[in-house]
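> the following block contains a protein sequence and its predicted model.
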Amino acid sequence: MGKFTVKRICIDGMLAAIYIVLSVASFSIAPNVQITFAGLAIVVAAMAYGTADAVIIATIGAFLSQLRSSYGLTITTPLWMIPPILRAVVVGVVAFIFRKRGTFLENHPIATVITVVMAAIVVTAANTLVMWLDAVIIGYSMTWVVATTLIRFGVGAGEAALIAIVVIPLMRALRSAGLLDKLPKKEAAKEGDEEKNEEEMKEIKQDLQ
């Protein structure tokens, strides 16, 4: 979305740094089950600038996080970068669709929650596949991976729901502060008219009841 301005590049850099910090702050609650909110940085980037920026942040963040982990750089490092990139693609595409309609994704809370949770499910599925490939290539047991699959899906969805709840007011605040683009006046007016029409329709339905 738009050109890569100095401000945009700086914000992307900050989001990549935030991804790494949140990744460092993650913790395990069971074998192969981790609590992390690093995905917040990717979601913000996808909703703010689109898929390209989010993919860049996901790639850089995932690569550096892998380097600082106990595993370091291995033959399977590129595989571990795929799940966060998929999160960037899913949220970025949906945000783009809403932007084409003249609105922002965060202006539609239910759609935001559904999108972020769907992205998390895709990420968990991709992580499971990567774990299996990692086990085959490096050679270790898949017992705990299989045993904790449902838990990981549940944890991932829960994390995503919290991220969505946080990102909605965060995006609105960033746009109000002028750090992110706002809707052009024509599109903003159109969105305002649509919201007004929805409210009027609700009032009519209530009167009919």
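Received the coordinates, thanks.

> tell me which other helices or strands the top helix by length along the chain touches.
The longest helix of the chain (DSSP state H) is helix 149-176. Judged by 3 or more CB pairs under 8 Å, 6 or more residues apart in numbering; DSSP states H and E, helix 149-176 is in contact with strand 33-35, helix 39-48, helix 109-134. No exception for glycine: its C-beta is placed from N, CA and C like everyone else's.

> using the three-state scheme, assign Ile75.
Three-state call for Ile75 (DSSP: H, G, I helix; E, B strand; the rest coil): coil.

> give me the number of residues near Phe4?
Number of residues near Phe4 (other CB atoms under 10 Å) recorded here: 12.

> how close does the residue most central in space within the chain get to Ala135?
Computing the C-alpha centroid of the chain and ranking residues by CA atoms, centre = their mean puts Val43 first, at 2.9 Å. Per CB to CB, to the nearest Å, Val43 is found 29 Å from Ala135.

> do Thr112 as well
Shown here: Thr112 relative to Ala135, a distance of 35 Å by CB to CB.

> neighbour count for these two, which is higher?
Thr112 (25 against 15).

> for that one, give me the pLDDT.
For Thr112, the model assigns a pLDDT of 97.

> isn't it right up against Phe98?
No. Look at Thr112 against Phe98 with CB atoms under 8 Å: they stay out of range, at 9.3 Å.

> identify the contacts common to the two.
Leu105 (CB atoms under 8 Å, 6 or more residues apart in numbering).

> for the residue nearest to the centre of the chain, give me its contacts.
Residues in contact with Val43 (CB under 8 Å, 6+ apart) are 54, 87, 91, 116, 119, 163-164, 167.

> what number of residues lie near Lys100?
There are 8 residues near Lys100, going by other CB under 10 Å.

> sorry, wrong one. I was asking about Trp80.
Neighbours of Trp80 (other CB under 10 Å): 21.
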